[in-house]
Each structure stands twice: as C-alpha cells, then as structure tokens.
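pasting a predicted model and its sequence here:
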Number of protein chains: 2
Amino acid sequence: MLEGMARAVPETHGEILAAAARRFAVTGYKGTSLQDIARAVGCSKATVLYHFANKEALLCELMAPAIAVLEALDARLAGTTGAAAQEIAGEGFVDLAVRFRREIALLRDEFPDLLQQPAFAHIQQISERLIAAFAGHSGRPSAQIAAFVVLAGIAETCAEFIDVPDDELRPALLAVVRRALEPVT
Amino acid sequence: MLEGMARAVPETHGEILAAAARRFAVTGYKGTSLQDIARAVGCSKATVLYHFANKEALLCELMAPAIAVLEALDARLAGTTGAAAQEIAGEGFVDLAVRFRREIALLRDEFPDLLQQPAFAHIQQISERLIAAFAGHSGRPSAQIAAFVVLAGIAETCAEFIDVPDDELRPALLAVVRRALEPVT
DNA sequence: AGCATGCCTGACCGATCGGTCAGCACCTGA
DNA sequence: TCAGGTGCTGACCGATCGGTCAGGCATGCT
C-alpha cells in the first residue's frame, strides 16, 4: 500500500465511467447492463466490476459532482424565506439542471427507485426543502403544487432538450420559473 | 380459491386488470413482474397469461381509456392557433392528467421506452402536437421550452399528488399553466 | 352417458441480470 | 532470479424475468 504514488497508466477506470455515462443517458440506469458498458469500453464485464464494487457504486461516482452542487444549493437555501427563497431556488436549480442535464437524463427513469436506496436517501429531503423554497415557504397547497410542477418540469425538460445549448436553455427556463411560481403575499 | 360464492361468470379478467393497475402504480411497469400481479390476484402467473396475450397487452388494455381521451383532445386541437390553442390544450390536458393520474403514475418510469413500442407509437406524435399547442404554435424556442416544462410538470405532479382530491388539484394546475405558458404575441 | 369447451395450473424453458472467483500475463523491486 | 502486486479475463453462479405447454377439473350440450 504505497500512498501518494503516482499511478502508472491505468486509464480504464475513467473510460468505464465515461462509457457508462453515455450508455446510462441513452438507455437509463436499469436499462443498461454491465455487459453493455463493458462492450462499449471494449473490455469484459468482470473488468467493470474490478474497477467498481458494483453497479450502484458506478452510479454513485457518476452522480457525485451533481449531488455536491445540489447540496451546496441546499445550504444556500437555509434561512431564506418568501420571494428571496423562490429566487435563489429558481436560479440555483435551473443552473444545476442545465449543467447536469446528462445526469438527470440517466436518473429520470428510475428516480423513485433510486431515492429508496440508502446511498441517495438524503436527496429526498433536499428536494423537499427545494420545493418548500419554490413555494416561498407558503403553506398553501396551490403553492406546493406549482412548486412541484416547476421542479419536475425543469428536470424533465433539461433531460429532453439535451442538445440545446446552455445559453439558450437557461434563460428560457428561468423565465418560465419566474412566471409559473405562485407569488408570495 | 374464490370466496364460497359460486362464480357463475368468472371475473378473473377484471380482477387481474385491477390488481395490475394497483401494482403498476406502485412499482411501475418494468418494476412489476407477472408473478407480482398473480400473487396480488391470488392466481398463478399462467392464469395472467391465459387472460392476456402478454405483459404489453395488459398494459394496453389498462391504458385504453386514457389514450381515448388523449386522442379526443388531439382532435379538438386541430385547427386551433395562438391563445385559443393554449387554453384548450391547458384545460384539456389538466383535466386528462387529473382524471388518469394512476395511469400516468404507472407510465412515468418507462415513458420513453414505452413510446418506442409500436402499440404506443402515435402517442409520440400526439404529444408533439400538444406541445405545439401549449406553445401557441409559436416557433420561438423559449415558447417550446415553456410548453415542455408545463406538459412534463403537470404529468409528474399528477402522478405524485395521487391522494389530493381532484377539485383541489385541477384549479391549482390550471392556474400554474396559465401563468407559466409564454404569452403569444 | 360421452364429449367439448372454458378456466386454470405446475413444471418447465431460454435469456439475461448482477456478481464471484481462480487464475493468467505483465511489470517491478529486491 | 523470483516473489508479489496490478490489471484483466472466461467460466460460472443463483435469481428472476416473460412466456410456453400439456394436462386437470369443472361445467354444459347432445
């Protein structure tokens, strides 16, 4: 166990990660087998499982950057209320969704299932706080409903318009968010 | 196997359909096996496949009423333009989504996959026309994006707020739609 | 009675899934 | 020279999937 040693040549780990991202984005998480990924890389399935403990570990490493940004947004939301919370949540989530479109696309088919797994358990709570912020922390059911429409709509749209350039998608989404959310009294 | 009542007319077909609807709504289409459905009904998996040619046929029969209403909405949309198209599409789709929440919930995990199958191929085209109507048939990309956010957001929200009464959900969704869509010039 | 028909079943099939494992080829440092 | 670690692999495993099939058990018609 030599610590700090520079690794010699092993590029396979990254190649597997990249290929998995590509395949997941097309056929979803459950819809992509380890065999598929191995074929895309040009190695054996056993090699994939040599570099990653299991399929879920692969997904975790793929999602880590997106989750980090989501947690940062959650932190910025703490203590905000009313229209300010709506604005921060709106800008932050639109930016996140646009930047991590691919990750959202690969998650979207199995989002409910994935949230059940312990590795992603806290995402559920973060998204609940995000919806509360979208609703401006208003208790009104109609505000909650509007918040959910916006959250789900943005995520789905980003996953769908995967080829539209960021600079076009982001302002259009921001405009929708600002119109759609229920104004707080 | 059944209750003491002698079954003059065996209604296993309907029971399977109802049980499948319940299971699909919880675990999704792909996530529900024929074994699961059979267990819920209290019959064997072979019985399920005696009443339905295959798993997809079961889904088709389950979705038929919702698809019929969707096609009716599509027909009403023909020839409309601008703000009128937006209003008709909004009211029509919100009503459809609220009424067929369960069907949407069971579809949502596998919507992209399902649309590929020949049995549901034309749904793709209908939803494209629906989005065009939501956009007021404006060619602007921002209008298309707003339309997609609304369409996907409504569908997802209906599937999520499955316990909220219709009379509460419908007006709240309609309000969001009217705010969110890009006004047509 | 005999026979057909409708409903249902257990046993089974081939395919595919995620995951394990023993071992091979290669490189490196002692 | 050789022991040992790294990267990788084919063969294999148990489980589960959708789907098939021959046959059993009622019932009703002739």
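Arrived safely, thanks for sending.

which is the next helix or strand following the longest helix belonging to chain A?
Under DSSP state H, the helix in chain A containing the largest number of residues is helix A:55-77. Following helix A:55-77 in sequence order, the next helix or strand is helix A:82-99 (DSSP states H and E).

is any residue of that next one near chain B?
No - judged by Cβ under 8 Å from any Cβ of the partner chain, helix A:82-99 and chain B are separated, with a smallest distance of 10.5 Å. Where you see a C-beta, it was placed from the backbone N, CA and C, and this is true even at glycine.

contact partners of the very next helix or strand once past that helix?
Sequence-wise, the next helix or strand downstream of helix A:82-99 (DSSP H and E) is helix A:101-107. Residues outside helix A:101-107 that contact it (Cβ atoms under 8 Å, 6 or more residues apart in numbering or on different chains): A:21, A:24-25, A:28-29, A:62-63, A:65-66, A:97, A:114, A:155, A:158-159, A:161-162.

so for stretch A:151-162, what's the average pLDDT?
Model confidence over stretch A:151-162, given as mean pLDDT, is 95.

buried ones in it?
If you call a residue buried by 16 or more other Cβ atoms under 10 Å in any protein chain shown, then stretch A:151-162 has these buried ones: A:151-161.

just stretch A:121-136 next, same as before
For stretch A:121-136, by 16+ other Cβ under 10 Å, it's A:123, A:126-127, A:129-136.

for stretch A:80-93, same thing?
Buried, per 16+ other Cβ under 10 Å, within stretch A:80-93: A:80, A:85-87, A:89-90, A:92-93.

what's the answer for stretch A:138-155, then?
A:138, A:142-155.

how far does that stretch sit from the chain's center?
Chain-centre distance of stretch A:138-155: 18 Å, with Cα atoms, centre = their mean, to the nearest Å.

returning to that earlier point: which members of the buried residues of stretch A:138-155 additionally contact chain B?
A:142, A:145-146, A:148-154.

other residues contacting the helix or strand bottoming out on mean pLDDT in chain A?
Across the helices and strands of chain A, mean confidence by mean pLDDT, DSSP states H and E is lowest for helix A:111-116: a mean of 73. By Cβ under 8 Å, 6+ apart, the list of residues contacting helix A:111-116 from outside reads A:29-30, A:59, A:107, A:120-121, A:123-124, B:28, B:31, B:109.

do it and DNA strand C meet?
No - judged by Cβ under 7 Å from any atom of the strand, helix A:111-116 makes no contact with DNA strand C; its nearest approach is 12.9 Å.

pLDDT weak spots in chain A?
A:1-10, A:109, A:112 (pLDDT under 70).

got the buried residues of stretch A:80-93 as a markdown table, with distance to B:G42 columns?
Output for the buried residues of stretch A:80-93, formatted as a markdown table (distance: Cβ to Cβ, whole Å):
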| residue | distance to B:G42 |
| --- | --- |
| A:T80 | 52 |
| A:A85 | 50 |
| A:Q86 | 50 |
| A:E87 | 54 |
| A:A89 | 47 |
| A:G90 | 49 |
| A:G92 | 50 |
| A:F93 | 45 |
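
and A:I162, which of the three is it?
Under DSSP: H, G, I helix; E, B strand; the rest coil, A:I162 falls in the coil class.

next one: phi and psi at it?
Dihedral angles of A:I162 (phi, psi; degrees, to the nearest 10) stand at phi -80, psi -20.

pull the contacting residues for it.
A:25, A:101-102, A:105.
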